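**Q** Fold the following.
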Amino acid sequence: MRVALFTETFLPKVDGIVTVVCLLLDHLAQRGVESVIVAPRLGEVNQYATTRVIGVPGVTLPLYPELRVGPPTRSTYNELKAFNPDVAHFIHPVLIGTTGLLMAKRLGIPTLASFHLDLARMAQHFRLGMFEPLVNTFTRVVFNAADFTLAPSRMVQREMMQLGVREVGLWGRGVDAEKFNPAYTNSDMRHALSDGHPEDRILLYVGRLSAEKKIESLRAILEQVPGTRLALVGDGPARESLREHFAGTNTRFMGYMTGETLSQAYASADVFVFPSALETFGLVVTEAMAAGLPVVASRVGGIPDVVDEGRTGYTFNVGDVPAMVDGVRQIVSSTERLRQMGYDARRFAETQTWPALMDEVIDHYARLIDRHRLHHVA
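**A** You can find the predicted model right below:
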């Protein structure tokens, strides 16, 4: 089997979408599936492990300066045709993906599109709500152009079907429970996260430092729940404004982390806090749970699918700061409660393995290829 993937974002940029794409490429290689990926040219990334990267030149987006976008070219099509794929997978088709869909149709191969980016809610967040009907129409038309669609959560699956997208399956999100593990607890890391006060309760945020993440709302917890400290792991365009916002509070900016350092950060904190207004799934939530942290997170994306209210954490409506504060207060009110919720979070995360979820995607590929061949034989 040969699979061509199309994505609007890729390495060296790192985010939830890129993480999933890399995990999928790794799994395809492990299963003996050949792959190629068409992605924006963000650097000198021409190869990922065994997968060749077909770079597409582009321009910077004003609202998302870390990303460069542009349509695939004639040479992209020629390289794709030379690879001779059996199926094409589109990671939330927008500009690269929609052009790629036309290329796949021209090559006569089956297509699968997966939802990863809530453009309608992004339009609302950036006060561009007048474009929401256009975005919804675009979503319906583009995803119906593919032979099958995968949604990352039950909520998104329902919303897509309400929009009129026909065949919508479910592709949940897993976690590497070995990489994110309580065993990585580290006293030096805890000392760093707490700015030298490891006896306090450490609240951890991991992700992009940007306006849509609503990170500024976390200040209310520091002000209303005594003995708490906040560690922010990540970087982004809101870094400097957040430094000003949290000046004088028990907040530590840890910068961007990867690998074992990130694993230690998760495992050495006490509670994971995630007030994001925009999230398709929220991979960091399951990573934190795997590290043994109870979660207090906004009720967006796939988060309601993984947080068991009162047992592994609490969720709240976007912008409901009192509910967020109350969730943290309940968790840290008792050492035993904190310990038990962290234990239950870890146990749940152990059931969410990536290999099983990625095998389901390969099964979809095989089904689409078989259906395509039967249709053409008939």
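
**Q** which residues in the stretch 251-378 of the chain form helices?
**A** Applying DSSP state H, counting those that start in this stretch to the stretch 251-378 of the chain gives helices spanning 259-267, 283-290, 303-306, 321-332, 335-349, 354-377.

**Q** how about those helices, which one is nearest Phe10?
**A** helix 283-290 (16.1 Å; C-beta to C-beta). Placement of C-beta: from N, CA and C, glycine included.

**Q** quick one, that closest one and helix 259-267 angle?
**A** Put simply, helix 283-290 runs at 70 degrees to helix 259-267, going by axes from the mean of the first three to the mean of the last three C-alpha atoms, to 10 degrees.

**Q** Export only the CA atoms of helix 283-290, formatted as PDB.
**A** What follows is helix 283-290 as a C-alpha-only set of coordinates in PDB (Å, rounded to 0.1, in the frame of the first residue of the first chain):
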ATOM      1  CA  LEU A 283      -3.600  16.300  22.800                       C
ATOM      2  CA  VAL A 284      -1.800  18.000  25.700                       C
ATOM      3  CA  VAL A 285      -4.700  17.000  28.000                       C
ATOM      4  CA  THR A 286      -4.200  13.300  27.500                       C
ATOM      5  CA  GLU A 287      -0.500  13.800  27.700                       C
ATOM      6  CA  ALA A 288      -0.900  15.400  31.100                       C
ATOM      7  CA  MET A 289      -3.300  12.600  32.200                       C
ATOM      8  CA  ALA A 290      -0.800  10.000  31.200                       C
END
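
**Q** Helix 335-349 and that helix, what's the angle between them?
**A** For helix 283-290 against helix 335-349, the angle between stretch directions is 120 degrees (the same axes, to 10 degrees).

**Q** Other residues contacting helix 283-290?
**A** 16, 19-20, 173-177, 180-181, 204, 206-207, 266, 272, 274, 295, 297, 303, 306-307, 312-313, 345-346, 348-350, 352 (C-beta atoms under 8 Å, 6 or more residues apart in numbering).

**Q** Same question for stretch 218-235.
**A** 193-195, 197, 200-209, 215, 242, 245-246, 249-257, 262, 265, 269, 273, 275, 321, 324-325, 328-329, 332.

**Q** Give me the number of neighbouring residues for the residue nearest to Met160 when sequence neighbours are not counted.
**A** Take Met160 and drop its neighbours on the chain: the residue closest to it by C-beta to C-beta, 6 or more residues apart in numbering is Val168, 5.0 Å away. Neighbour count for Val168, taken as other C-beta atoms under 10 Å: 19.

**Q** quick one: the strands in the stretch 151-300 of the chain?
**A** 168-170, 201-206, 228-233, 251-255, 271-274, 295-298 (DSSP state E, counting those that start in this stretch).

**Q** Report all helices and strands that the first one contacts.
**A** Looking back up the chat, that one is strand 168-170. Here strand 168-170 touches strand 148-151, helix 154-163, going by 3 or more C-beta pairs under 8 Å, 6 or more residues apart in numbering; DSSP states H and E.

**Q** chain center to the last one, what's the gap?
**A** Helix 154-163 sits 18 Å away from the centroid of its parent chain (C-alpha atoms, centre = their mean, to the nearest Å).

**Q** ok, now the first one?
**A** Averaged C-alpha coordinates place strand 148-151 at 16 Å from its chain's average position (C-alpha atoms, centre = their mean).

**Q** got CSV for the strands of the stretch 151-300 of the chain, with mean pLDDT and distance to Asp359 too?
**A** Listed next are the strands of the stretch 151-300 of the chain as CSV, based on pLDDT from 0 to 100; distance: least, C-beta to C-beta, whole Å:
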stretch, mean pLDDT, distance to Asp359
strand 168-170, 95, 14
strand 201-206, 98, 27
strand 228-233, 98, 31
strand 251-255, 98, 35
strand 271-274, 98, 28
strand 295-298, 98, 27
